[in-house]
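1. Need the 3D shape of this:
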Amino acid sequence: MNNMESITSEQIAAKLKQVEEFEAKYGENTTTRAWRKWCTDEQYRNREIQFRNAVSKSAKVNAYKSLKYKQL
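-> Numbering: from 1, shown residues only. Take a look at the predicted model:
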């Protein structure tokens with residue numbers, strides 16, 4: 001399943017609003033800049049999701065290999 005299918009535009013808008021409220025109260029920082037970019041740049045969001053999925057897949061493969069070798 002593609003994670004993009006489960007993320008709605010309403011969720012993205014809500015996160016952007018949360019970022020704006022946080023920045024109004026505490027100021028901008030590297031985390032809020034990243035979240036703002038994630039909410040406003042579709043290509044950035046797609047690349048980040050692809051990266052996250054690749055890391056997850058790699059961890060699963062490595063965990064499987066680790067279990068396989070322990071059984072030998």
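2. In the protein, which helix is the longest?
-> helix 42-71 (DSSP state H).
3. Now do it, average pLDDT.
-> Per-region confidence: helix 42-71 scores 83 on mean pLDDT.
4. now it, how far from the centre of its chain.
-> When distances are taken as C-alpha atoms, centre = their mean, to the nearest Å, helix 42-71 is centred 13 Å away from the chain's centroid.
5. do stretch 23-32 as well
-> With C-alpha atoms, centre = their mean, you get 19 Å for stretch 23-32.
6. Can you name the residues in contact with that stretch?
-> Around stretch 23-32, the neighbours that count as contacts under C-beta atoms under 8 Å, 6 or more residues apart in numbering are 19, 22. Bear in mind the C-beta positions are built from the backbone N, C-alpha and C, glycine included.
7. in that stretch, what's buried?
-> residue 32 (16 or more other C-beta atoms under 10 Å).
8. So for that stretch, mean pLDDT?
-> 98.
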